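Engineer: With the sequence up front, the predicted model follows.
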Amino acid sequence: MPVFHKKQEKVEVPKNGDGRISTLLLKNLTFHYPDGYHALKNISVAIGQGEKVALVGPNGAGKSTLMLHLNGILGDGKTAVTVAGMPITKQNLPRIRAKVGLVFQNPDDQLFSPTVFEDVAFGPLHMGLPEAEVRMRVKQALAQVGMADFGERLSHHLSIGQKKRIAIATVLVMEPEILVLDEPSAGLDPRGRRALINLLRDLPVTMLVSTHDMRLVEELFPRTIIMDNGQVVADGETAVLLSDDELLEKHGLERP
């Protein structure tokens, strides 16, 4: 996988083995906040089906702003972002939001129902799915995150690690094309962190994970994207990027 610095090459739409296009394609994505701050500058990235990719960079690099574009929370409705072959436009937004499973750093931002079951069932219920299918999806999602017996538990009584697993289940239940996580290992003790790493490794879904946890990056992600000052400054094999001390130091990163 190529590594590039500063100026980006034009990103072509890669095809998977079965001929389908990328799960996620960003092409010259640029974004200004209302106060004029230029947060994203011509971002071009393609992520293929099944890839697990880390997104790293210093605070203020634009990582969170980028992630909020992936399901239309931010953006102007133009076609700079494409998910599963669909541009993020107003008419596509409901389908896009089902395909992009966005998991926030603080799980309490996603858990608001009395019980775990109700939290996980919220999305499919509001899609209008039949009760039997909702129950089946919730059961499968909880099993995927190792929380099969927690359906009747009170969400606010869970540990931070358990809450993070439930937050992941709330998006897996929607059967997303890509899982997008913001700082998933933040606040976890060593046992919870190890459990999370094992969970993310085993999930058979395309993944983009923003993190400052460089040990997590080294262990879990074959590919890493480095952002700084609203730009992608490097994109390539994790082992190659993490061995480049000059690159890491320049962009506020350290070897794990």
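Structural biologist: Done, it's in.
Engineer: Tell me, how many residues neighbour Asp244?
Structural biologist: Per other Cβ atoms under 10 Å, the neighbour tally for Asp244 reads 17. Backbone N, C-alpha and C define where each C-beta goes, glycine included.
Engineer: same deal with Glu237?
Structural biologist: Around Glu237 there are 15 residues (other Cβ under 10 Å).
Engineer: What of Pro94?
Structural biologist: Neighbour count for Pro94, taken as other Cβ under 10 Å: 11.
Engineer: That one and Leu26: what is the separation?
Structural biologist: 21 Å (Cβ to Cβ, to the nearest Å).
Engineer: Glu118 now?
Structural biologist: On the measure of Cβ to Cβ, Glu118 and Leu26 end up 34 Å apart.
Engineer: ok, those two, which is more surrounded?
Structural biologist: Leu26 (22 against 16).
Engineer: Leaving aside the residues adjacent along the chain, what's closest to Pro176?
Structural biologist: In space, and not counting its chain neighbours, Pro176 is closest to Gly101: 3.5 Å by Cβ to Cβ, 6 or more residues apart in numbering.
Engineer: show me the contacts for the one you found.
Structural biologist: 168, 171-172, 174, 176, 178-180, 205 (Cβ atoms under 8 Å, 6 or more residues apart in numbering).
Engineer: Distance from the chain centre to the helix or strand harbouring it, please.
Structural biologist: Per DSSP states H and E: Gly101 is located in strand 100-103. Put simply, strand 100-103 sits 6 Å off its chain's centre (Cα atoms, centre = their mean, to the nearest Å).
Engineer: Going by neighbour count, list what's buried in that strand.
Structural biologist: Along strand 100-103, these residues count as buried under the neighbour rule (16 or more other Cβ atoms under 10 Å): 100-103.
Engineer: Report the rounded mean pLDDT for that strand.
Structural biologist: Across strand 100-103, the average pLDDT comes to 93.
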